[in-house]
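Chemist: Starting from these lines, generate the structure:
(chains A and B)
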Amino acid sequence: MRPRVLVLLGILLFLASCGQESGQLKPPEIRYGRDTCAQCGMIISDPRFAAAAATGDGTMSIFDDIGDLLAYRKKNRPEWAVIWVHDYNTQEWLRAEDAWYLLSPAIHSPMGWGIAAFASEEAARARQGELGGELLRWEELSSRELTLPAAH
Amino acid sequence: MTAMSGVARLAALAFTAITVLFPTDAANAWAQTTLTVCPGCPLNDLHTAVRQAPDGATLDVRGGLYPGPLLIDRPLTLIGRDWPIIDGGGQGTVVTISAPDVRFEGFVVRSSGSSHDREDSGIRVQAPRAAIVRNQVLDALFGIYLENAPDSLVEHNLIVGKELPEPVRGDGLKIWYSPRAQVLDNELHDIRDALVWYSDDTVVQGNHISRARYGLHFMYSQRSLVERNVIEDNSVGIYLMYGAHQTVRFNVLQANRGPSGYGLALKETDGVVAEQNLIHRNRVGIYIDNSPLSPDIENRIIGNWISYNDTGLLLTPATRRNRIAGNTILENLETVAVSGGGRLVDLEWVEDGRGNFWSDYAGYDADRDGIGDLPYRDEPLFESMTDRYPILQFFRFSLAATAIDLAARAVPLFRPEPRVTDPAPLVAPGAWPAVPWWSGQARWPHALLAIGLLTLGATGLAAPWHKRLFGRLGVMGIPAPTLRPAPTGETGSPGANGTRGKQSAPGVELRREALLTPGAVGQPAVIEVEHLTKYYGKRLVLDDLSFVVHKGEAVALWGPNGAGKTTVLRCLLGRTSYTGEIHIDGLSPNRDGARVRSRIGYVPQQLPVLDLEVGDVLELVAALRGEPVERSWERLASFDLDHTASMPIRSLSGGMQQRLALVLALVGDPPILFLDEPTANLDATSREELLRHLQALRDGGRTIVFTSHRHEDVWRLATRVIRLEYGRQAEPRVLTPAVSAERRLALSLKLEDGAAVAASHLLQAHGFTVYRHDCLLRVLVEPDHKAEPFLLLGQVGIRVIDFSLEEANAW
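Modeler: Reported below is the predicted structural model:
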C-alpha cells in the first residue's frame, strides 16, 4: 500500500503545486440521489437546477437550486473562482456568467426559487413564452435581493 | 358511440327543459341523477359522459378500460365499480380535475407521461374541495397533485410511482398552494417525495410511505398535523423546512437510511411539537438544524422512543431553544452528535423535573423516585472528535478509540465538556408511544378471544370445542392456534417433544448434541475467564462470571437484552475495565492488549458507514494488520464483494456491509473471532448468507465467540451456549415436565407485519425474555402467566395472528 499512497500523494502535491486558475477548474460530477446541497442539506436529484462553485484551491460546493447557491454566497461570502449552473434544457454545465436566466413562479425548482438557466437567449425566450417570468443575465440576478417565495 | 351520443344529447336536452320549466326542485332532482357508464352500455365513453353530464350528477362507472386523458371540468361525482381503468398511454396527465367539488372514487389511474417540465401526473386537481378517494394510481410520474386545490381530501389511495431511479421519479403526492388538505390512510411506494409546500393546516394521518426519497417533505407551510403514519425505508422520513407550528406525533419513522438518513429532520422551523413517535433504526434519529429560527419560540421533542439509530440526535451548534424531555433514548450507536463539532447551548433536557431515559446511563436511583441520583453526561472524547472529523468514525471500535476514551475518564485533563447534561435522567424507559399499531380497530376482541382460547387449550378443556371454535376463527380470517402436546419421557431432545420441527434438519440434530457439551474435549483452552465482575457506576452488570473457550469452539453468549453479553465482549477486547482474570492464549487483554487484539478479529453489530471506498478501507486494514494486500483482495472476492471495491461503504446494503465487516475482521488471519449480534440488522436473505460464511469459518477450525439473542443464530452456529441472565451465568439445562418448579413454556407468537419490534420491546419492558425473528416472537412464560403477553399486546392493539405453546427446551 505504501508505494501506492506515496504515488498518490505525489500526484496530489503536483496538482496542488500547479495552482488552479479558474479556467483549469472543472465542474463536478454530481451523484444524483446521493450528494447533498451545501446550503439546505437536501439530496440533489433534479439536474435541471443543479449548480456548483469552486474556490481557487479546488474546494467544491454543490447546490440543488441556483437560488440556494446565491443564498449560500450571501450568507458565507466564499471566495469562489468559478461558478457553474446547469442548462435547464440539456443539463450541461455552463459558466454562470455565460448563461441566461428565467425567473418565474411557474418554474418549480427544488427549493422554490424559480430560477432556470439557459445557454442561449433564444432558448430562454422560448421558455419565457411558455411560462412567463423575467429574463436576466448573471450580473442582474446575482446582484438582486432575492427572497424566498412567500407562503401566502 | 352514436347511440351513446344520442343518449347524452337527449339527457342534456331534457335537463335544459326541466331547468327552464321547473327551475329549482326539479333541477335539483335531476342533479342527483346517476348515469351509468360501462363498455357495453349505451353510454360507454367516459369523456363524453363527463362533458355532457349536468353539474352535480353522479357517473356510475363500471369496470373496463377507458382511454385517458380525462378532463373533469364540472362538479361531478365519479364512482368506479369493479375498478375501471383510465389509462394515460404514457402521455401527459391522465386525469385533470379543474372544477370544484368533484368526487373521484374507485378508479385505477395508470400510465402518465414522464415529463418533469409538465409534471405529468396520475390525478391533477386544480380546483377546491376535491375528494380523491380509494383509487389506485399506478405508473404515474407524479401520483396525486393538488395544485391550488384548497380543502381537498386524499383518502385511502394506493400510489405507486414509475419504475425509475429514485432521483428521476416524480412526487407521489404533491400539495402545492392547497391549504387545509386532508391526507388520510393512503399507501405510497416507490416515489420521489410526498410534498406539502405553501399549504397550511394540512392533516396527514394514517398513511404508509416507503421506498421514497423524502417520506414527507414540508416547506413554507404551517400548522400541519402529522400523526399515526408509518414512514419507513426511505432516504429520509420527515423533513420539516422553513415552516412553523407543525405537530408530528404517534408516527413510526424507521429504517430511513439514505444518504442523510434522518428519521425526523427540522431545518429553520419554528414551534415544532414532536411527541410520542417511534424513531427507530435510522441513520440519524432526529436532526435539528438551526430550529427554531425565530426568537422566543421553542421546539418540543417529548416522549419519543429514539432507538437503535446510528446517531440518536444530531444537532447543529446553531440549534437553540429545544426542549428534549421524557424521551427514551435507547441503544443508539452514538447518542448525541454535534454536526461539524462545537458546543450545544440553550437546550432544555428536562420538563417538570423529569429528563430522558438514556440506555447508556450508569447512575443509580437510591431513593427510587424513578430519576437517577446522578446527572447523565454524554462526554465520550472519541465521539467529540468524530463530530469534527467524521472519517474517524472508522476507528470507532478500535483500540485507539478505547484508549482515547479511557484517557478521558482517567485523566480529567482530557475529559471533554459534556455534549449533554441531563440533570434528571429517568431510570426506566418511558411509556410505549401511541404509534399506529396501538390504534387498530376491533383488535381487542381478537386478543381477548385468543386469551380465552389459550386458557381453554392449556387447561385441557379445549378438546371438545377445538374444532368448532377454530372453525369459526377460520371463517373470521384468524388462523387457528396450534397447541402442541407437552413432552413426555426423555429429556429434552427437540425431536422428542416435537417442538423443533423447523430446525430438525439433518446435521442440526447433531449440532444440538454439541450444544449441551461443555467444551471441546482434548482441545487447549484459548480463552479463560475467572470471576469476571463488572460494574457501571454502582450497577452490577457482570457477576462473577467464569468460563473457558477451547480451540475450535463456536460459543454463543446468549440471553436477553441487558444480560451482559456485549459487556463480556468489551472485557475480552480490553475495551473496558473489570475485576477478575481473563486470559486469551495466556495473555491478559488489560496488560497485553495489543498482542491479544492481534489474535482477534472483531465484527461489530454494524460497520461504521462512511463515504470511504471499500478498496481503500481494505488496503488500510491490510497495511495495519501486515497482510499482503493481494491476500486481502482474495478475501474480498471469496465473500462475493470484489465488485464493491470502488463503492463507498455507505452505499452497500446491510448484508454487504456485514460481510465486509467479516472480511475486515479476517484480515491477518486472526485465530479468534468475536462477533457482536452479527445478524441483528439483516434481512432473512442476508442473514442466511452471513451464517453460511460463519459456519464455514467455524468448520474450518476458527475459535468463535458471538453474542446473539436470535435463537436461530445460536442454533445454526454455536457448538456451545453460555446462557447469561442479569450478568450471571445460568446453567444450561434441559427441562422436563417433571421439573415443575423450573418449568417454563415458550410461547411463539406470529404478529402482523411490522409489529414485532414494538411487541418485543413491550414484552421485555414487562420482564419477559423475548426472542425475535422477523414477525415471530418467542416468549418465555411461566405456566401460570402464559396469557399475559396476549393481554399486554392487546392493550396496545398489536394483533396476534397465530401462536403455539411449547415446552421451553435447554438453555
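
Chemist: residues in contact with the residue most central in space within chain A?
Modeler: The centroid of chain A falls nearest to A:Ala51 when counting by C-alpha atoms, centre = their mean (1.7 Å). Each residue near A:Ala51 by C-beta atoms under 8 Å, 6 or more residues apart in numbering or on different chains is listed here: A:Ile62, A:Phe63, A:Asp65, A:Ile66, A:Asp68, A:Leu69, A:Ile83, A:Trp84, A:Val85, A:His86, A:Ala96, A:Ala117. All C-beta atoms are positioned from the backbone trio N, CA, C, and that covers glycine.

Chemist: can you redo those as CSV with neighbour count and secondary structure?
Modeler: Output for the contacts of A:Ala51, formatted as CSV (neighbours: other C-beta atoms under 10 Å in any protein chain shown; DSSP: H, G, I helix; E, B strand; the rest coil):
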residue, neighbour count, secondary structure
A:Ile62, 23, strand
A:Phe63, 29, strand
A:Asp65, 24, coil
A:Ile66, 30, helix
A:Asp68, 26, helix
A:Leu69, 29, helix
A:Ile83, 24, strand
A:Trp84, 24, strand
A:Val85, 29, strand
A:His86, 23, strand
A:Ala96, 23, helix
A:Ala117, 27, strand
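
Chemist: Please convert the residues you listed to a markdown table, extending it with pLDDT and distance to B:Leu333.
Modeler: Formatted as a markdown table, these follow (pLDDT from 0 to 100; distance: C-beta to C-beta, whole Å):
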| residue | pLDDT | distance to B:Leu333 |
| --- | --- | --- |
| A:Ile62 | 96 | 28 |
| A:Phe63 | 96 | 30 |
| A:Asp65 | 95 | 33 |
| A:Ile66 | 96 | 37 |
| A:Asp68 | 94 | 31 |
| A:Leu69 | 96 | 34 |
| A:Ile83 | 97 | 38 |
| A:Trp84 | 97 | 37 |
| A:Val85 | 97 | 39 |
| A:His86 | 97 | 37 |
| A:Ala96 | 96 | 41 |
| A:Ala117 | 97 | 42 |
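
Chemist: got a markdown table for those, with distance to B:Arg74 too?
Modeler: Formatted as a markdown table, the contacts of A:Ala51 follow (distance: C-beta to C-beta, whole Å):
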| residue | distance to B:Arg74 |
| --- | --- |
| A:Ile62 | 47 |
| A:Phe63 | 44 |
| A:Asp65 | 38 |
| A:Ile66 | 40 |
| A:Asp68 | 42 |
| A:Leu69 | 45 |
| A:Ile83 | 50 |
| A:Trp84 | 48 |
| A:Val85 | 44 |
| A:His86 | 41 |
| A:Ala96 | 48 |
| A:Ala117 | 41 |
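
Chemist: Just flag the most distant two among those residues.
Modeler: With distances taken as C-beta to C-beta, the most widely separated pair in these is A:Ile62 and A:Ala117, at 14.9 Å.

Chemist: from the contacts of A:Ala51, which are also near chain B?
Modeler: Among these, proximity to chain B is found for none (C-beta under 8 Å from any C-beta of the partner chain).

Chemist: Centre of the chain to whichever strand or helix holds B:Val248, how far?
Modeler: Using DSSP states H and E, B:Val248 maps to strand B:247-249. Strand B:247-249 has its C-alpha centroid displaced from the chain centroid by 18 Å (C-alpha atoms, centre = their mean, to the nearest Å).
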